[in-house]
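> Here is a sequence together with a model predicted from it:
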Amino acid sequence: MTESDLGVFAEAIAEIAVDAGKAILDVYGKDFEVSHKDDASPLTQADLASHRIICDALAHLTPDIPVLSEESSDLDYDTRADWSQYWLVDPLDGTKEFINRNGEFTVNIALVRSHEPILGVVHVPVTGVTYTGLVGKWASKHDADGRMEHISVRTPCADPVVVVGSRSHANPRLLEYLAKLGPYELVSMGSSLKFCLVAEGKADFYPRLGPTSEWDTGAAHAVVMAAGGKIVTLEGKPLRYNTKKSLLNPEFLVIADDGRDWLEVFESYKFVTNS
């Protein structure tokens, strides 16, 4: 796949995500059963239906590019390590939000090349909104009626700073560190929508101190970067993908305005977690 192909593929991937979203809504509107995986995370028929639609469509669209999905993530690292590029998929990010029926769940598809996401699509089934990012080119937001607008992060950041945090994975210690920011407004949100709020200029900062997996972040990571933001670990290094056996991410910060030293707030936290 060449660079010139990526814009065309972005549109195709968005259509796949929308189709998966429709399958999710079919389940969302009915009574559904909830099972649990080995790690105790919830699983529904919607996760599996979305997974099948996306993987089948990607296999048809790009048969030579492998797919790593949350629902088929038991691939040996020796196999993954040889991939120069691959699709990284979370068929339903925010299953807890889906179960609670609050609408804050998403479909996520990213193309990862050389350990970095270069294309990402985040679709919100309930609202019909789709975020797309082509890193180094553009980021956009389409509404349910097909209207498109280009999006970008907010610089400089707002006063007070708008911080977005997880709705289902609250971290009480986070508040202690956020106090060092000075005045701020905290907005709670589910799934990869937290990244999208930063990407479209509605939030300035998303610190994630709790656990996430690579499929949770890949697509929205691309959207944030395409919109002019950045994502770094607490050591200030870029968040990278498929570099190790584990698919868990290190803790990270999603930043809109790079002109501020956001890392300084977490210096003492790094000392505690690394000791």
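Received, thanks. Numbering: from 1, shown residues only.
> Now do stretch 66-82: everything it contacts.
The contact list for stretch 66-82 (Cβ atoms under 8 Å, 6 or more residues apart in numbering) reads 43, 47-48, 51, 54-55, 58-59, 83, 86-91, 213-215, 242, 244-245, 247. All C-beta spots, glycine's among them, are computed from the backbone N, C-alpha and C.
> Please, a ChimeraX command that selects the buried ones among these?
Buried subset of those, written as a ChimeraX selection, criterion 16 or more other Cβ atoms under 10 Å:
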select :43,47,48,51,54,55,58,86,87,88,89,90,91,213,214,215,242,247
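> Among the contacts of stretch 66-82, which ones are in strands?
Using DSSP state E, L43, Y86, W87, L88, V89, D90, P91 are the members of the contacts of stretch 66-82 that sit in strands.
> which residue ranges form the helices in the stretch 151-275 of the chain?
Under the criterion DSSP state H, counting those that start in this stretch, the stretch 151-275 of the chain contains helices at 172-178, 193-199, 214-226, 267-274.
> In PDB, could you pull the C-alpha coordinates for the longest one?
Extracted as PDB, the C-alpha positions of helix 214-226 are listed here (Å, rounded to 0.1, in the frame of the first residue of the first chain):
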ATOM      1  CA  GLU A 214      -2.800  -1.600  22.100                       C
ATOM      2  CA  TRP A 215      -6.100  -2.200  20.300                       C
ATOM      3  CA  ASP A 216      -7.700   0.300  22.700                       C
ATOM      4  CA  THR A 217      -5.500   3.100  21.500                       C
ATOM      5  CA  GLY A 218      -4.200   2.600  17.900                       C
ATOM      6  CA  ALA A 219      -7.000   4.100  15.900                       C
ATOM      7  CA  ALA A 220      -7.600   7.100  18.100                       C
ATOM      8  CA  HIS A 221      -3.900   7.600  18.400                       C
ATOM      9  CA  ALA A 222      -3.700   8.100  14.700                       C
ATOM     10  CA  VAL A 223      -6.600  10.600  14.800                       C
ATOM     11  CA  VAL A 224      -4.900  12.600  17.600                       C
ATOM     12  CA  MET A 225      -1.600  12.800  15.700                       C
ATOM     13  CA  ALA A 226      -3.300  13.700  12.400                       C
END
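> Now do it, average pLDDT.
The average pLDDT within helix 214-226 is 98.
> And for stretch 133-153?
96.
> How about residues contacting it?
For stretch 133-153, the external contacting residues (Cβ under 8 Å, 6+ apart) are 6-7, 10, 14, 116-121, 127-132, 198-201, 222-229, 256-257.
> Please list only the buried members of these.
Neighbour counting by 16+ other Cβ under 10 Å classes 6, 10, 14, 116-121, 128-132, 198-201, 222-229, 256-257 among the contacts of stretch 133-153 as buried.
> Run me through the strand neighbours of the helix or strand encompassing V107, direction for each.
Following DSSP states H and E, one finds V107 within strand 106-113. Note on strand 106-113: by DSSP bridges, its sheet partners are strand 85-93 (antiparallel), strand 116-124 (antiparallel).
> Give me the residue ranges of the protein where confidence is low.
1-4, 168-170, 268-275 (pLDDT under 70).
> How is it divided into domains?
Domains of the chain are assigned by automatic domain parsing as 3-150, 161-274.
> who's V112 bridged to?
Counting by DSSP bridges, V112 is bridged to Y86, P117.
> check contacts around it.
Listed by Cβ under 8 Å, 6+ apart, the contact set of V112 reads Q85, Y86, W87, L88, I118, G218, Y241, N242.
> Distance check, it against D31.
Distance of V112 to D31, given as Cβ to Cβ, to the nearest Å: 36 Å.
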